[in-house]
Structure formats: structure tokens, C-alpha cells
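Chemist: My questions concern the predicted model and sequence given below.
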Amino acid sequence: MRGATTIMLLGGLLFTARAEAAEVKVLSAGAVRAVVTEVADIFAKQSGHSVKGTFGTVGVVRGKLAAGEPADVVIATDAAIDEMAKQGLVVAGTRTDVARAGVGVGVREGAPHPDISTAETFKQALLAAKSIVYVDPAQGATSGIHFASVLKRLGIADQVKDKTILWPGGYAAEAVQKGQAEIVVHQISEILPLKGVSLVGPLPADLQKVTIYSAGLAAKAAAPEAARAFISFLTTDPIKTKFALAGLDYRESTEPTRVVWTNPRDPLLARFQDTSTACRDEAEATYRDLESSSPAARSRRLDSQRQQHWLGCMRTKGYQPREISAQ
């Protein structure tokens, strides 16, 4: 009899857990899309709450929320979250900073990397490019608004106008991927996920814009407790690491740095290249079947997972990366 009672209690607990599971609706800026999409699955497994994301420029996010779009969590720039809190769209005091994004430059994989180390060399690279793409500032895109101001500051806005593509939203680097543009200027986190596009580097420091992205609880959240749990989840150390790997922990340095690798088992790094190739092949093989059976929308997430798999593989072989001064 005691056994039957235990089963009934366990059954009741399981039923309660399922009944309390919620769908967390996330209305988010596109800069963090790759990471939020990836970690949503991890959060679902740990909490039982599913996550549904809708992504767009900060302007689009602000407009959708103001128009009554259902949302539990809002992710936008820190300034936008503060503004929406003042408007009563986001609960005051719930702003939580989760990412830092810098603006970068990308070209097609295999193409020569232009010199963008200074404002002048970057200006010359833009003038020499056959075509340029960035997100349309009219869409309220943070990087698009900033880059339009950079072009004016460099005095070349009119000179590059006819060879510029204004992307409507999402990954502007898709234009480079498809061969429609030679250079993309967008947030680094929205260049890295695209296969076939190579990051040249960040904008010169005097032209850079670092944007802080924050999460906040929507004032009309249907699942406030689950939403708060998701916001807290985004600040845990494992998720912070994922943001960093996706280019969302941008830090300006006062001096040039470069990444070096060390390995006490291979002090001269004689086996580094062969190990890197083997780890890359392992990552490709691990995710190849998933990519072939997945919708196109998941391919960017798989690219991020390949990168993380490669890094993890290198570390298991004893190789550790670190930044040092280039001088």
C-alpha cells in the first residue's frame, strides 16, 4: 500500500511539473539571435519551460512591443530597455545586461582582407570596394545607424551611396555570402555565424561603437516567473562563455593583442596544425548529419556549435588559448 501511495505522489508531482511548464516568448534584437536560439534548448531541458524567439532590429522590437506583441522577455540595447521601462512596457528594475557587441567588417571567405586598422585605411578600403552592405538605418538597426554616421564622419557618404546595399534586417552578411556585396559592416556577432563569410576584424577604435544588450521583463508577461528564470539563466557562467564565443563580449583594448596557444604536452606546438585539422574534421562530422536534416534557419546555430566543438576538442588535447600584447 505504501508503494502505491508513493507512485501516486510521484505521479502528482510529475503532473504538477508539466502543468507549470510555460512557453517563454522572447522579443529580441537580432545581435544576440544565434546565442539565444542555441541556449533556449538548454534552458528548456533544465527548466521544462520552452522558449519561442522573435528577432528584429531594436527599432522593430520597440515597435512590436508598443503595438501589443505578446512577450515575456525583451532583449534590446540597454538604452532601449531603460526607455521602454519609462514607457511602462518593461518592468522597472528588471534590466539585466547580458552581452557587449562591437561593430566589425566581413568579406567572403577566401577573399583578401582589406587593411582596416586605422580610420584612414578603413576609409580607403570602403572607397576601393565594389559594393558595401549594412543594415538599413531606417529599420532602427543599431549598427546601421552608427555606420551611416561613420560614413558621414569619413566624408564619403555620397561617394559610396551608389554601391551600397541597405539590408532590410537580419544578417546583412548574407549579401556577402551570396556574392551580392564585397564588404559587410555589421555587429561582429552577426558576421561570425554565417558560413562562407570571414570576419576581417572590428572597426578602428576611434570609429567603434560598443553596444550593451540587456534583457528585461515585459510588463504584460504571461509567464513572469519563467521569464525571470530565463533572464537569470542568461547570466550564468556557461552561457556567458557562449556569448563570448559568439563575439558578444567585446572589449576594447588599449594596446594591440594577439591570441597565442600553449600546451605543456607540445611546447613547440609541432602538432598544433595537425591537431587543429583533426578537431575541425571531428566537428564537421559531428554536425554534418544534423545540418542535412535541419531547416535552413538552424544552420547558423550549427556553425556556432561547430566552433565550440573545435575549441573544446583543442582543449582536451592540452592546447589553451590566451591573449597577449602584440608589442
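Modeler: Happy to help now that I have it.

Chemist: helix or strand for residue 35, which one?
Modeler: If you go by DSSP states H and E, residue 35 is part of helix 33-47.

Chemist: can you list the residues that contact that helix?
Modeler: Outside helix 33-47, the residues within contact range by Cβ atoms under 8 Å, 6 or more residues apart in numbering are 26, 28, 49-51, 53, 55, 75, 99, 189-190, 192-193, 226, 229-230, 233-234, 239, 242-243, 246, 248, 300-301, 304-305. Just so you know, the C-beta spots here come from the backbone N, C-alpha and C atoms, and that holds for glycine as well.

Chemist: please redo it, this time with the cut-off set to 6 Å
Modeler: Contacts to helix 33-47, defined as Cβ atoms under 6 Å, 6 or more residues apart in numbering, come from residues 28, 50-51, 53, 55, 193, 229-230, 233, 239, 242-243, 246, 300-301, 304.

Chemist: could you give the angle of the helix or strand following it to helix 33-47?
Modeler: Using DSSP H and E, the helix or strand that directly follows helix 33-47 along the chain is strand 50-56. Here strand 50-56 runs at an angle of 170 degrees relative to helix 33-47 (axes from the mean of the first three to the mean of the last three Cα atoms, to 10 degrees).

Chemist: Strand partners (parallel or antiparallel) of strand 50-56?
Modeler: Using DSSP bridges, the strands paired with strand 50-56 are strand 23-29 (parallel).

Chemist: chain center to the strand it pairs with: distance?
Modeler: 15 Å (Cα atoms, centre = their mean, to the nearest Å).

Chemist: what's the answer for stretch 115-135, then?
Modeler: 23 Å.

Chemist: in it, what counts as buried?
Modeler: 116, 119, 122-126, 129, 131-135 (16 or more other Cβ atoms under 10 Å).

Chemist: Kindly report the same for stretch 139-150.
Modeler: 139, 140, 141, 142, 143, 144, 145, 146, 147, 148, 150.

Chemist: Just the residues contacting it, thanks.
Modeler: In this structure, residues lying in contact with stretch 139-150 by Cβ under 6 Å, 6+ apart are 57-59, 103, 134-137, 169, 185-187, 207, 209, 211.
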